[in-house]
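[1] coordinates only, sequence not included:
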């Protein structure tokens, strides 16, 4: 069997890999489970082509694939896929996949693609559904308002969702979880880059300081935080400009601004109603300058003065 696990939810991908591990004979797992980086594709395929040690099946995991990196040589190596033993389960993991690539087309002929994408942080409804589904799977009885609280407290962090639900299950010992007990056990302190963007949009300097400190204390990668801020401010600017022009329908705005969920436009309009396009443009300029500074050697400490500068710009239309 060949599996291709794709997406930005690395925790969910790792859980799927753990399920595959349970299919390997327990006595021979240390001998029949092997992980390889994508740069070692030849070694991974050699291991996949050999029979399992002892009894049962063999699991070969090729991690952090780009697929472009395989090139023509990789495509040639992958011609062995149809000849792999039935006892081998070959797994490829990657953040994204380009189905136009020859090597990907070849992989998809023989493998099963499964995607694991994090729920967008603003889709609280989908986060609530995911929490409810996970709770049901764990036989955990939980009140509707408790699910609503957890969705806000946890956000789209799938790893934390499982961890917190497991904690609640132990606490509940079969009884129903209420909102009060959820609040007592699960603190709503999960700062996100989207919350930081909102604080900057509203000129809330104190909140921005607190949120940035919490993100950095959790070892969030500065450039990852910055990428989210840039994406959010670009979306706000595009929405603001299209609204100001007065030429476009909501459907056209959604398409032009690359908004994946049309229902989100209603909230975006509200968010930019009181701010000027000039402010959003200035903020983006600061964020792009900050990106250059970080990539050329500045430390994470340089983020705070730059972001505080954004809160001092004139926001009003």
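    Arrived safely. Note that this is a predicted model, so its numbers are computed, not measured. Numbers count the residues shown, from 1 in each chain.
[2] tell me which residues in the helix or strand bottoming out on mean pLDDT in the chain are buried?
    Across the helices and strands of the chain, mean confidence by mean pLDDT, DSSP states H and E is lowest for helix 250-256: a mean of 80. Within helix 250-256, the residues that qualify as buried are 253, 254, counting by 16 or more other CB atoms under 10 Å. Bear in mind the C-beta positions are built from the backbone N, C-alpha and C, glycine included.
[3] which other helices and strands contact that helix?
    helix 222-245, helix 264-272 (3 or more CB pairs under 8 Å, 6 or more residues apart in numbering; DSSP states H and E).
[4] any idea of the mean pLDDT for the longest one?
    Here the mean pLDDT over helix 222-245 is 87, rounded to a whole number.
[5] go on, stretch 206-219?
    The predicted model assigns stretch 206-219 a mean pLDDT of 84.
[6] what about it, distance to the chain center?
    Distance of stretch 206-219 from the chain centroid (CA atoms, centre = their mean, to the nearest Å) equals 19 Å.
[7] and what of stretch 115-122?
    With CA atoms, centre = their mean, you get 6 Å for stretch 115-122.
[8] list the contacts of it.
    5-9, 12-13, 16, 126-127, 130, 155-156, 158, 192, 194, 260-261, 264, 267 (CB atoms under 8 Å, 6 or more residues apart in numbering).
[9] ditto for stretch 128-135
    For stretch 128-135, contacts defined as CB under 8 Å, 6+ apart pick out 119, 141, 142, 147, 148, 150, 151, 154, 158, 161, 162, 165.
[10] neighbour-wise, which of those residues leads?
    residue 150 (28 neighbours; other CB atoms under 10 Å).
[11] now do the buried residues in stretch 271-287.
    For stretch 271-287, by 16+ other CB under 10 Å, it's 271, 272, 275, 276, 277, 279, 280, 282, 283, 284, 286, 287.
[12] do stretch 177-185 as well
    177, 179, 181, 182.
[13] how far off centre is it?
    Taking CA atoms, centre = their mean, one finds the center of stretch 177-185 at 26 Å from the center of the full chain.
[14] and what of stretch 270-290?
    With CA atoms, centre = their mean as the basis, stretch 270-290 stands 25 Å off its chain's centre.
[15] what mean pLDDT does it get?
    Averaging pLDDT residue by residue across stretch 270-290 gives 90.
[16] change the start of the numbering to 46 and stick with it
    I'll keep to 46 as the first residue from here, and by that count the last item is stretch 315-335.
[17] next, count neighbours for residue 147.
    So residue 147, with other CB under 10 Å, has 14 neighbours.
[18] what number of residues lie near the nearest residue to it once chain neighbours are set aside?
    Excluding the flanking residues, the one nearest residue 147 by CB to CB, 6 or more residues apart in numbering is residue 120, at 5.7 Å. When neighbours are defined as other CB under 10 Å, residue 120 has 16 of them.
[19] am I right that residue 120 is in a helix?
    Yes: under DSSP: H, G, I helix; E, B strand; the rest coil, residue 120 sits within a helix.
[20] among the contacts of stretch 160-167, which are in strands?
    Residues from the contacts of stretch 160-167 lying in strands, with DSSP state E as the criterion: 50, 51.
[21] are any of the contacts of stretch 160-167 buried, and which?
    Buried among these by 16+ other CB under 10 Å: 50-52, 54, 57-58, 61, 172, 175, 200-201, 203, 237, 239, 309.
[22] may I ask which two of those are separated the most?
    Based on CB to CB, the longest span within those runs between 61 and 309 and measures 28.5 Å.
[23] in contact with the spatially closest residue to residue 345 that is not a sequence neighbour, which residues?
    Of all residues not flanking residue 345 in the chain, residue 267 sits nearest, at 4.5 Å (CB to CB, 6+ apart). Neighbour list for residue 267: 261, 339, 345, 348 [criterion: CB under 8 Å, 6+ apart].
[24] now for the helix or strand harbouring the second one, which elements pack on it?
    To tie it back to what came earlier, the one meant is residue 339. According to DSSP states H and E, residue 339 maps onto helix 322-340. Here helix 322-340 touches helix 267-290, helix 348-356, going by 3+ CB pairs under 8 Å, 6+ apart.
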